[in-house]
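K.L.:
Quick check, what structure comes out for this input:
(4 chains)
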Protein chains: 4
Amino acid sequence: MAYFRIDYYSDALHRAASFEALIPNDIRTDIPREKTGYEDLPMRTLFLLHGYTGKAGNWVPEYLAEKYNFAIVMPSAENSFYLNGEATGHAYQTLVGEELVGYMRKTFGLARSAEDTCIAGLSMGGFGAIHTGLAYPETFGKIGALSSALIVHNIAGMKPGTKDHTANEAYYRGCFGDLDTLLERDENPEVLVRKLKEKGERIPPIYMCCGTEDFLLQNNRDFHAFLTAQGVAHEYHEGPGRHDMAFWSEHIVHVVDWMFQ
Amino acid sequence: MAYFRIDYYSDALHRAASFEALIPNDIRTDIPREKTGYEDLPMRTLFLLHGYTGKAGNWVPEYLAEKYNFAIVMPSAENSFYLNGEATGHAYQTLVGEELVGYMRKTFGLARSAEDTCIAGLSMGGFGAIHTGLAYPETFGKIGALSSALIVHNIAGMKPGTKDHTANEAYYRGCFGDLDTLLERDENPEVLVRKLKEKGERIPPIYMCCGTEDFLLQNNRDFHAFLTAQGVAHEYHEGPGRHDMAFWSEHIVHVVDWMFQ
Amino acid sequence: MAYFRIDYYSDALHRAASFEALIPNDIRTDIPREKTGYEDLPMRTLFLLHGYTGKAGNWVPEYLAEKYNFAIVMPSAENSFYLNGEATGHAYQTLVGEELVGYMRKTFGLARSAEDTCIAGLSMGGFGAIHTGLAYPETFGKIGALSSALIVHNIAGMKPGTKDHTANEAYYRGCFGDLDTLLERDENPEVLVRKLKEKGERIPPIYMCCGTEDFLLQNNRDFHAFLTAQGVAHEYHEGPGRHDMAFWSEHIVHVVDWMFQ
Amino acid sequence: MAYFRIDYYSDALHRAASFEALIPNDIRTDIPREKTGYEDLPMRTLFLLHGYTGKAGNWVPEYLAEKYNFAIVMPSAENSFYLNGEATGHAYQTLVGEELVGYMRKTFGLARSAEDTCIAGLSMGGFGAIHTGLAYPETFGKIGALSSALIVHNIAGMKPGTKDHTANEAYYRGCFGDLDTLLERDENPEVLVRKLKEKGERIPPIYMCCGTEDFLLQNNRDFHAFLTAQGVAHEYHEGPGRHDMAFWSEHIVHVVDWMFQ
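P.N.:
Numbering: from 1, shown residues only, chains lettered A, B, ... in the order given. Predicted structure coming up:
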């Protein structure tokens, strides 16, 4: 499993940036890879998005990458919710959905079609996977969203000078834009779904899961209900667990099975 | 010259972060270090701040560190101007002036007194060195500022929806706060100088330099004039050159001589 | 959990080298560390040795380090068996037992007494932990050895031009020296034990474990029997499992409990 | 300039290994690359070999890579002289000439023909460039050799138990094999030249240079004379300077001009 750390100039962020990637293309001849049938397929690519407070590389389902013969691209997006804020250089949606996809294509020849390209994440990264996947439905074939921070209804209308248990209004405004109009803008994944439906465009299949003890459970149930009401193909799973690595380690297996099997 | 890359949880940034450090404490017995007399002194520390679009490690005056026996700490502060913005986690002033100083003290036993601790930077990092040094005058013994982006007068009063050649108003507001009141607030280094003078507190000596072809020349001359008018001890040097590495490679030598000799 | 990657000049190896370290000294205020009572103790240090084909960082029992408040130092020792070979620069015993211990002391103030310093490893690193710990009994307080490659009896007397399933005679000779005299030399941990006993010196307590399906089981049983015959205090545990990460992930918990509790 | 650090399993070394690469394929739109005409050519690749005591990344002629639009691959080969020693895993010739070339081809689509692929190095890496280039004349289009450690005549016949100012006989034997027969074997670049001539095969053009104060000057003059006597196309340059970075920084410009112009 070759592991890449890549420092480059990010035009989206207007600065030097880094991302990491795992590409299972080195061959260990002394411990041959177990035959799965997938190793003869062209290598597919998963964009894997970290959560709030996280960074590239703190969650790498390595053995799954080898099993299904896919590469993992791990952006570092700080606490951006993977959105394009108003400020110069706060273009994290562009970073993942355009810049890194384009960079992987030209540098490694990977992620060249939606069929070969998936996106997944946990918590803030689950939101990012849903939002980025819906913003670039021709780029990402499938979306995996674990314990997603689908919080737009919580923060819509939040007043300057206030904060919730995670962050203050200035922070959310920097990520999501004007919080009074948030629900009507593209930063709200529901808006993206409605627009894709209106235009009759492809909506990537979505796999959602959430722990029954997760503080984001209701948010996930609400988005599940929204997708159902909209007739959007998706899977939704709940299971015992909290908002922690134990739940994610268990459920990423199912997400990846669903994506790559 | 031992080179450290350190990934840690930054409380200031509310997320995983990285910084780099160079500590000249490994001994190469086959090529003995040239005797300078400084190698017997306790190791001093320079906090070295990158410019706009930069990151830790893209400017490392290694041979000077060995000559004068000092460590270099290199934060990565994105395009933050090393200030505390209003948004949760945008606390880059705290990152450098408190968190990293504290971390170096407890982890390495370095930077324990102002006498042992200097701060320098180029362009945005020159602004950062001046501002951070003035914000923590008990922490930093000396300030080195090359081609500093002393731009508060340029952006004060900037209107929403506008931008200059570098960035837009939303970006500057995220870094500097309300741009209408900027000149009166602590984000303006002049305010820090005036407050220190009023309180009769120590102002760290400052070494400024700028190229005569630099687009920031007038800004540097203006701050030099301000310091002179205020009676603040400082050195100010101009020389042929533009806003580029050629100028900085030449002048960091003088900055470091002034700091550590 | 702060993670360090350190590039430095290794005098033992006569070249630039790297090691990694995990030091649980960053504070995540939003998710306070669970109180264990150990966080108030001075930070102890574990030197953790990788196996054949491995390198620093491919086995990091992070949560245990936080629980018991110890740092982990991870050398990269290639396929050296952590021994000093005859060739210039092949001084891996010195690298771990002297150079890195000394570097941690002077740089971080860690590992200053045997009480604060342990050594452990798996497979080739289990051999390394036993051998290095016995070679520096004043430096290492305790030794943890998982599935150890205690192979000196297998390779003693190996003939030039031959090889076993792992490597050829030239390789073993490069690590262990003359294979005809190996059993009588300090590269054989039994020799170190006998010498320490003769001199009446301290022998660090040893914790050994091995899986019952491990191809090295008999080697571990033999060394256990040797220690018993010599009256050396040690623990020896077998459990279901093979020579793989599943066994090591389970048993490192017991090793660390024994070391740091 | 995108910088890659790649950790992978090296079959040649029988262990986890790392290399670094610089690929100038990121676009900095705010500071457009100076037009050179080369940026429209397919990207070529330079394998750049470090010297004794060095490692990947301690010598990166970055601005030249951008000027001529070539990637740089930087192996870490310890103090191996880039040769295949007898011991299992000591296959550094294979590492550079086969494994890394193959890996760059399949991972990045680079280095696909001799026309696109050059090799250069300094000191031990200059020897490595000459030797590896001659060992794989179909792979490497051109060879650049700075201050090369062409020492086979110095160490041939060296006796066990002896050493020179750099290393001992056991070390040299580990790299070069039996020192009594060294001059007749493929580890001697002269043997490779003679064999290629006998078989009428392509010999890559060679650019050699050495400082007139370099302790390796006579060795370089001797190999230059050998190439001349053999009628092998090459350039040979001497200039003021010692065996140090000042000489290499100056002369790598000429080497790269010759290679890529």
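K.L.:
neighbours of the closest residue to A:Arg5 other than its chain neighbours, just the number please.
P.N.:
Using Cβ to Cβ, 6 or more residues apart in numbering or on different chains and skipping residues adjacent in sequence, the residue nearest A:Arg5 is D:Arg5, 4.6 Å away. Yep, even glycine has a C-beta here, placed from its N, CA and C like the rest. For D:Arg5, the neighbour count with other Cβ atoms under 10 Å in any protein chain shown is 19.
K.L.:
gap between the helix or strand containing D:Arg5 and the chain center?
P.N.:
Assigned by DSSP states H and E, D:Arg5 falls within strand D:2-10. In this view, strand D:2-10 has its centroid 19 Å away from the chain centroid, taken as Cα atoms, centre = their mean, to the nearest Å.
K.L.:
my read: A:His234 touches A:Cys209, true?
P.N.:
No - when contacts are counted by Cβ atoms under 8 Å, A:His234 is not listed as touching A:Cys209 (10.9 Å).
K.L.:
more crowded one of these two?
P.N.:
A:Cys209 (27 against 18).
K.L.:
What residues does the stretch 51-200 of chain A have near chain D?
P.N.:
Proximity of the stretch 51-200 of chain A to chain D (Cβ under 8 Å from any Cβ of the partner chain) is limited to residues A:103, A:106-109.
K.L.:
Just those: which are in helices?
P.N.:
Among those, the residues falling in helices (DSSP state H) are A:103, A:106-108.
K.L.:
Compare the residues you listed and tell me which is most surrounded.
P.N.:
Counting by other Cβ under 10 Å, A:Tyr103 has the largest number of neighbours within those, with 23 neighbours.
K.L.:
For that residue, give me its contacts.
P.N.:
With contact set as Cβ atoms under 8 Å, 6 or more residues apart in numbering or on different chains, A:Tyr103 has these partners: A:8, D:25-26.
K.L.:
Tell me the one among those nearest to C:Val152.
P.N.:
Comparing the contacts of A:Tyr103 against C:Val152 with Cβ to Cβ places A:Tyr8 closest, at 48.3 Å.
K.L.:
Kindly present the residues of the stretch 51-200 of chain A next to chain D as CSV, with separate columns for pLDDT.
P.N.:
Output for those, formatted as CSV (pLDDT from 0 to 100):
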residue, pLDDT
A:Tyr103, 97
A:Lys106, 95
A:Thr107, 97
A:Phe108, 97
A:Gly109, 96
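K.L.:
hang on, the earlier thing: drop anything exposed from the contacts of A:Tyr103.
P.N.:
Buried members of the contacts of A:Tyr103, scored by 16 or more other Cβ atoms under 10 Å in any protein chain shown, are A:8, D:26.
K.L.:
Which one of the contacts of A:Tyr103 is nearest to chain B?
P.N.:
A:Tyr8 (10.7 Å; Cβ to the nearest Cβ).
K.L.:
Let me know the pLDDT of the closest residue to A:Ser113 other than its chain neighbours.
P.N.:
In space, and not counting its chain neighbours, A:Ser113 is closest to A:Gly141: 7.7 Å by Cβ to Cβ, 6+ apart. Among the per-residue scores, A:Gly141 shows a pLDDT of 98.
K.L.:
same thing with the one 5 residues further on?
P.N.:
Listed pLDDT for A:Leu146 reads 98.
K.L.:
residue contacts, it?
P.N.:
A:120-123, A:126, A:208-210, A:247-248, A:251-252, A:255.
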